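Peer 1: Provided below are the primary sequence and the corresponding predicted coordinates.
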Amino acid sequence: MVLENIHLRDFRNYKEIALGFDPGVNLIVGDNAQGKTNLLESIAYLGSGRAFRTQKSCELVRLGADFADIEGSVFSQERHQTLRWVIFPASRPRQVYRNGVKKKTAGDISGVLQTVLFCPEDLMVLKSGASARRRLGDHALCQLRPNYEAALSEYGRILEQKNRILKDRHDNPALLDILPEYNARLCQVGALLISYRARFYEGLGREAEKYHSHFSGGAEDFRLEYKTVSTVTDPFAPVATLMEQLQEHLQSHYRAELESSQCLTGPHKDDFDVALSGMSLKAFGSQGQTRTAAISLKLAQRALMAKESGEIPVLLLDDVLSELDPGRQDFVLNQITEGQVFITCCEPGRFTKLGKTIEICKGKSI
Ligand code: ATP
Ligand code: MG
C-alpha cells in the first residue's frame, strides 16, 4: 500500500499543508518542534483513527481552530482510495469517510492504510523492563490476530478479578472458595496466549534475523527466544498440555500468592530475549546494537503483517537515525527497499537514494 498524498487542515501545528509522497522512502527533515512527528501522527491516524501520542483526539485540533481535517489518497487493495477524518475539539463526535462515503467507525476503514510505527521510546525496548517488550509484542500480535486480542483482554479481566479476590479475602475469607474457578479459567486463557505467542515470536524472530544480518553487514547473528512460565516445557505443545503445566506452576505458588495477595505466576509475566552472536543483548549489547535489533524487530513485524494481508504496511520511523553509525544509518535511509517508508530526522545533510526529501519548517513545507 502507498500513501500518495495528504492534505491537512488545522491539524496540530499545521494550518494547511498538501504533500505528495514517494512510493519508496520519504525523508522528513526539519529542526526540532517544526511538525515532523505531527506529520507521522496524521498518517497513522488517517489509517487507524488512533493517535499514538494521545488518547484525546481533541488535542489533534490546532489550538483555536474549529476542527481538524485529514484527507489522503491511498493506493491499496489494487485501487485508488481516499480516506478522510474530521475531528472536533469538544465532545462532538469525529467523522470518517472512505471514498467520500461517511462511515460509522474506524473499523469500517480498516485495512486500507496500515502503518507500523517506530518511535524513539522503542529504540531501547530490548534493554528495558519486560513489560515494555510484552507491550510491543502484544501490540503487534493484536494487529495480526483479532482472536488473540479478545483472549488477551479476557485474561486481563480474570487476572484483575483474581487479584481482587486475593486482596479482599482478608475481610471476606469465603472468597477463597471461588478462587479455583478463577485459576482454572486463567490457565485456560493463559494457555491460549502462550500458544499464540510461541508461533508469533518464532515467525518474528525468523524475519528479524534476516533484517538484522543485512543491517549489521552480516556481522551479527540474531536469535530471539520466547520466555514463558518455567513449567511449560514446549510452548508449541497442545493447549490442553499447556493448561496442565500452567496449573502445576500455579499450585506450587498457591501459598506465596496468598501471602503476597497477588497473582504471581502466568503469561502476564512473559518476556522475550534477543541474543546477538550468542550474547544476550539485554546484558551485553551496545547502544547501537540494541537500536539496530529493535528496528529489525519492527521491520519483521511489518513483514509478518504483509504476509497476512498481502499488502506491505507503511513504515513510520520517527527520529531513529541519531546514534546509529554511518553504515547502519545507510541501511535505514537507503536499503529498506520494500514498501513505503517515512523517516523523520533533524540532522541536516541526510538524504535518501530511494525517494524524496521533504523539508518542514513551522508547519509548512519549504
Ligand atoms: P522534534 O525534532 O523535536 O521531535 P518535531 O518536528 O517532531 O520535533 P512535533 O512533535 O511534530 O515536532 O511538534 C511540533 C509542534 O507542534 C510543537 O511545538 C507543539 O507545540 C505543536 N503542537 C502540537 N499540538 C498542537 C496543537 N493542537 N495546536 C497547535 N500546535 C500544536
Ligand atoms: Mg519529533
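Peer 2: Arrived safely. Ligands and ions are numbered 1, 2, ... in the order given.
Peer 1: contacts and neighbour counts: CA atoms only from here.
Peer 2: OK.
Peer 1: tell me which other helices or strands the longest helix anywhere in the chain touches.
Peer 2: In the chain, taking DSSP state H as the definition, the longest helix is helix 179-215. Under the contact criterion of 3 or more C-alpha pairs under 8 Å, 6 or more residues apart in numbering; DSSP states H and E, helix 179-215 touches helix 146-168, strand 222-227, helix 239-252, helix 287-309.
Peer 1: tell me the most buried of these?
Peer 2: Of all the helices and strands packed on helix 179-215, helix 287-309 carries the top mean neighbour count, a mean of 21, counting by mean count of other C-alpha atoms under 10 Å.
Peer 1: near ligand 1, which residues of the stretch 251-366 of the chain?
Peer 2: For the stretch 251-366 of the chain, the residues in contact with ligand 1 (C-alpha under 6 Å from any ligand atom) are Cys346.
Peer 1: residue of the stretch 251-366 of the chain closest to ligand 1, please.
Peer 2: Cys346 (5.6 Å; C-alpha to the nearest ligand atom).
Peer 1: and that residue, how many neighbours?
Peer 2: 19 (other C-alpha atoms under 10 Å).
Peer 1: that one touches Ala33, doesn't it?
Peer 2: No. Taking contacts as C-alpha atoms under 8 Å, Cys346 lies outside contact range of Ala33: 9.7 Å.
Peer 1: give the contact list for Leu152.
Peer 2: Val189, Leu193 (C-alpha atoms under 8 Å, 6 or more residues apart in numbering).
Peer 1: quick one: it from ligand 1, how far?
Peer 2: Computed with C-alpha to the nearest ligand atom, to the nearest Å, the distance linking Leu152 and ligand 1 is 32 Å.
Peer 1: any idea how far that residue is from Gly349?
Peer 2: 45 Å (C-alpha to C-alpha, to the nearest Å).
Peer 1: distance between stretch 343-352 and the chain's centre?
Peer 2: Between the centre of stretch 343-352 and the centre of its chain there are 23 Å (C-alpha atoms, centre = their mean, to the nearest Å).
Peer 1: gap between the two ends of it?
Peer 2: Using C-alpha to C-alpha, the distance between the terminal residues of stretch 343-352 is 10 Å.
Peer 1: how about that stretch: buried residues?
Peer 2: Under the neighbour-count criterion of 16 or more other C-alpha atoms under 10 Å, stretch 343-352 has Ile343, Thr344, Cys345, Cys346, Phe351, Thr352 buried.
Peer 1: restricted to strands, list the residues you listed.
Peer 2: In strands, judged by DSSP state E, the following of the buried residues of stretch 343-352 are found: Ile343, Thr344, Cys345.
Peer 1: out of those, which is nearest to Phe67?
Peer 2: Thr344 (25.9 Å; C-alpha to C-alpha).
Peer 1: for the closest one, what are its contacts?
Peer 2: Leu27, Ile28, Val29, Lys36, Thr37, Leu317, Asp318, Asp319, Val320.
Peer 1: can we see that at 10 Å?
Peer 2: 26-30, 35-37, 39-40, 316-321, 357-359 (C-alpha atoms under 10 Å, 6 or more residues apart in numbering).
Peer 1: kindly report the same for Ser252.
Peer 2: Applying C-alpha under 10 Å, 6+ apart, the residues near Ser252 are Thr265.
Peer 1: widest-spaced pair of the buried residues of stretch 343-352?
Peer 2: Cys346 and Thr352 (14.1 Å).
Peer 1: give me the phi and psi for the residue in the stretch 101-250 of the chain that ligand 1 sits nearest to.
Peer 2: Closest to ligand 1 within the stretch 101-250 of the chain is Pro120: 9.3 Å, counting by C-alpha to the nearest ligand atom. Here is the backbone geometry of Pro120 (degrees, to the nearest 10): phi -50, psi -30.
Peer 1: tell me how many other residues surround it.
Peer 2: Other residues close to Pro120 by other C-alpha under 10 Å number 14.
Peer 1: please apply the same query to Gly129.
Peer 2: Gly129, neighbours per other C-alpha under 10 Å, totals 12.
Peer 1: for it, list the residues it contacts.
Peer 2: Asp271, Lys282 are the contacts of Gly129 under C-alpha under 10 Å, 6+ apart.
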